[in-house]
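Undergrad: My questions are about this predicted structure, shown below with the sequence.
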Amino acid sequence: MNWASKQDDSLVVHYSKSLRTQKNQVNKGLESSESMATIAVDSVTERKKMGMEGRNIYVTDETNVVGAELANNLLDDRRGTFFWKLTWKVTCGCAAGVAAAFRAPVGGVLFALEEVTSWWRSQLMWRVFFTSAIVAVVVRTAMGWCKSGKCGHFGSGGFIIWDISDGQEDYSFEELLPMAIIGVIGGLLGALFNQLTLYMTSWRRNYLHKKGTRVKIIEACLISVITSVISFGLPLLRKCSTCPESDPDSGIECPRPPGMYGNYVNVRQSLKYLAAFYCGKDNEYNDLATIFFNTQDDAIRNLFSAKTIHEFSAQSLEILEDYSAELKGLSMKILRLMAQNLRMEETEMAEFFEEGWQSMRMNYYPPCPQPELAVGLCPHSDGAGITILLQIGEVEGLQIRKDGMWIPVKPLPNAFVINIGDSLEIVSNGTYRSIEHRATVNSLKERLSVATAYSPNLDGEIGPAPSLLTLKTPAMFRRIGVKEYYEGRFSNKLDGKSTLDTMRIQNEMNKRNNN
Ligand SMILES: O=C(O)CCC(=O)C(=O)O
Ligand SMILES: [Fe+2]
């Protein structure tokens, strides 16, 4: 690897080793929350174009924003700024739309939590919950009044798309108590699950993973074996069900071999050598096999190579492992060079970044018929020290903000783009400025990028390097724990360099230095 050129604030480094990276599905990277949020927000704002489902949700959203408004006013805590109120209303509106469209208030809450926001707050949870509850009550009451089923939006048909009239239409009062008990038990189990996951994650990070790569590989293998045994074993305990009679024109196949979508799996069809493994009869299916063979294996396969001839291979794992190890070395090399350039004390950069946190995000931007109406990735600066960006196929899309203008960064063949992140701006006390960037989409070509971020050690602290601080150059940023720093980042939405601003110390000297 050798230094190549400097494109504005983004350094470009040639990477001489040829790397092949497998194509990925939308944002299945390890750190995908920000991109997921972007795409979710985009798809919500662009939901008119999402086909029938999107249009319907859109229509219901619009009508049910009334619910959001009501909940917002009932729960107003007077702290919300105009921005928060607006984004919260949109979130509540989306939840309301889903709650009405699916007649599922909890579905509305989950949709808002998973798909719409990257800035979730507990106050928002209550607002979304109340909105969805109000919508559910309104829709159900209106449906109750309209027995004929011909009352516009509230009867059968209309804009409420999934008519689940086979289900229970009404709840009786006595059902409330058992439902509340189930809710409390569910909540407690959920909290327990979260707590256990937290313990396990910190044990793995602080103890297991320090034992080296071999232990990590053994861990991954063990988990694969356990999940495979469960996936294959559980369906054996389940009695097969007879296929429902379905209209031959409906396109529903029962039983069907495991594959990319659909229900009613009978593995027997595709795995002849396991003939007696699941259902004995041709018109039977195994519902557990349906769950296990519907999404899990497809998810892994898609993760590495969606719809390509060479689907998932063990080599893909090796490639990623090698790639991240190689990039970790490169990141440290670049950071050490920067430390020399800054005349920092030799050990300081290593203290911040040795055993640093590496994360990889794979972004997939499909071609977009109206790119001028869409955003690939919102303007942001990365939280890491540096991010090494690989642009696959050299498709243009990355832009950086310089002097208030968006400048495209042309991908060079066999080259990485290195973006300076907020952590390095903090450590260098403002000498290296993090670069605000965004990604655009185009109408013809799909685009893939792999961003590998290298951040300070999660167990350490982040703040300006002490050797850079003098009377003339006082600390421009606060010093806090790296975990706290990232918690702050992840609870904010992607918005330029706004998260870095929360770390700034404003004193007279800094004001003068900044001007
Ligand atoms: O796709 C790109 O070019 C930008 C990706 C990026 O900025 C990120 O993942 O943080
Ligand atoms: Fe980025």
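TA: That came through fine. Ligands and ions are numbered 1, 2, ... in the order given.

Undergrad: contacts, neighbours, all on C-alpha from now
TA: Noted.

Undergrad: Stretch 418-437: end-to-end distance?
TA: Stretch 418-437 has an end-to-end distance of 12 Å (criterion: Cα to Cα, to the nearest Å).

Undergrad: And the contacts of that stretch?
TA: Here stretch 418-437 makes contact (Cα atoms under 8 Å, 6 or more residues apart in numbering) with 9-13, 342, 379-389, 398-401, 455-456, 462-465, 468-469, 475-477, 496-497, 500.

Undergrad: Of those, just the buried ones, ChimeraX syntax please.
TA: Command for ChimeraX that selects the buried part of the contacts of stretch 418-437, burial taken from 16 or more other Cα atoms under 10 Å:
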select :9,10,11,12,13,379,380,381,382,383,384,385,386,387,388,389,398,399,400,401,455,456,462,463,464,465,468,475,476,477,496,497,500
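
Undergrad: On the three-state scheme, Y364 is what?
TA: strand (DSSP: H, G, I helix; E, B strand; the rest coil).

Undergrad: Could you double-check that it sits in contact with S449?
TA: Yes: Y364 is within contact range of S449, at 6.8 Å (criterion: Cα atoms under 8 Å).

Undergrad: May I have the beta-bridge partners of whichever residue of the chain sits closest to ligand 1?
TA: Residue nearest to ligand 1 within the chain (Cα to the nearest ligand atom): L398, separated by 4.2 Å. Counting by DSSP bridges, L398 is bridged to A439.

Undergrad: Distance check, N194 against N442.
TA: 40 Å.

Undergrad: L471 too?
TA: Relative to N442, L471 is positioned 50 Å away (Cα to Cα).

Undergrad: Between the two, point out the one with more neighbours.
TA: N442 (21 against 7; other Cα atoms under 10 Å).

Undergrad: Could you pull up the residues touching L113?
TA: Here L113 is in contact with W120 (Cα under 8 Å, 6+ apart).

Undergrad: just checking, it is part of a strand?
TA: No: read with three-state DSSP, L113 is helix and lies in no strand.

Undergrad: Which residue, other than its chain neighbours, is closest to Y454?
TA: Spatial nearest neighbour of Y454, excluding adjacent residues (Cα to Cα, 6 or more residues apart in numbering): Q358 at 4.7 Å.

Undergrad: Burial check on that neighbour, number of neighbours?
TA: Q358, neighbours per other Cα under 10 Å, totals 20.

Undergrad: strands paired with the strand or helix carrying it, and their directions?
TA: For Q358, the enclosing helix or strand under DSSP states H and E is strand 357-365. In the sheet, strand 357-365 lines up against strand 447-455 (antiparallel) (DSSP bridges).

Undergrad: Could you export the strand it pairs with as CSV, CA atoms only?
TA: Extracted C-alpha coordinates of strand 447-455, given in CSV (Å, rounded to 0.1, in the frame of the first residue of the first chain):
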residue,chain,number,x,y,z
ARG,A,447,-23.7,1.0,-6.1
LEU,A,448,-21.9,-0.9,-3.3
SER,A,449,-19.6,0.5,-0.7
VAL,A,450,-17.8,-1.1,2.2
ALA,A,451,-17.0,1.3,5.0
THR,A,452,-14.6,-0.1,7.6
ALA,A,453,-14.4,2.2,10.6
TYR,A,454,-11.6,2.2,13.1
SER,A,455,-12.5,3.7,16.5
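
Undergrad: got the end-to-end distance for stretch 469-477?
TA: For stretch 469-477, the separation between the terminal residues is 11 Å (Cα to Cα).

Undergrad: Name the residues of the stretch 301-450 of the chain found near ligand 1, please.
TA: The stretch 301-450 of the chain comes close to ligand 1 at residues 361, 363, 382, 397-398, 438-439, 449, as judged by Cα under 6 Å from any ligand atom.

Undergrad: neighbours of S172, just the number please.
TA: Using other Cα under 10 Å, S172 has 6 neighbouring residues.

Undergrad: cool, E175 as well?
TA: The burial count for E175: 9, using other Cα under 10 Å.

Undergrad: what does F111 give?
TA: 20.

Undergrad: Look up the closest residue to Q340, ignoring the ones flanking it.
TA: E346 (7.4 Å).

Undergrad: Distance of the one you found relative to N442?
TA: Counting by Cα to Cα, the gap from E346 to N442 is 45 Å.

Undergrad: Show the contacting residues for V138.
TA: Per Cα under 8 Å, 6+ apart, neighbours of V138: none.

Undergrad: Next SSE downstream of the helix or strand encompassing it?
TA: Using DSSP H and E, V138 sits within helix 122-145. From helix 122-145 onward toward the C-terminus, using DSSP H and E, the following helix or strand is helix 176-203.

Undergrad: mean confidence score for that next one?
TA: In this model, helix 176-203 carries a mean pLDDT of 90.

Undergrad: Then stretch 403-420?
TA: For stretch 403-420, the per-residue pLDDT averages 92.

Undergrad: buried set for that stretch?
TA: Buried, per 16+ other Cα under 10 Å, within stretch 403-420: 408-409, 411-412, 414-420.

Undergrad: quick one: which two of those residues are the most distant?
TA: Pairwise distances across the buried residues of stretch 403-420 (Cα to Cα) peak at 19.7 Å, for the pair N414 and I420.
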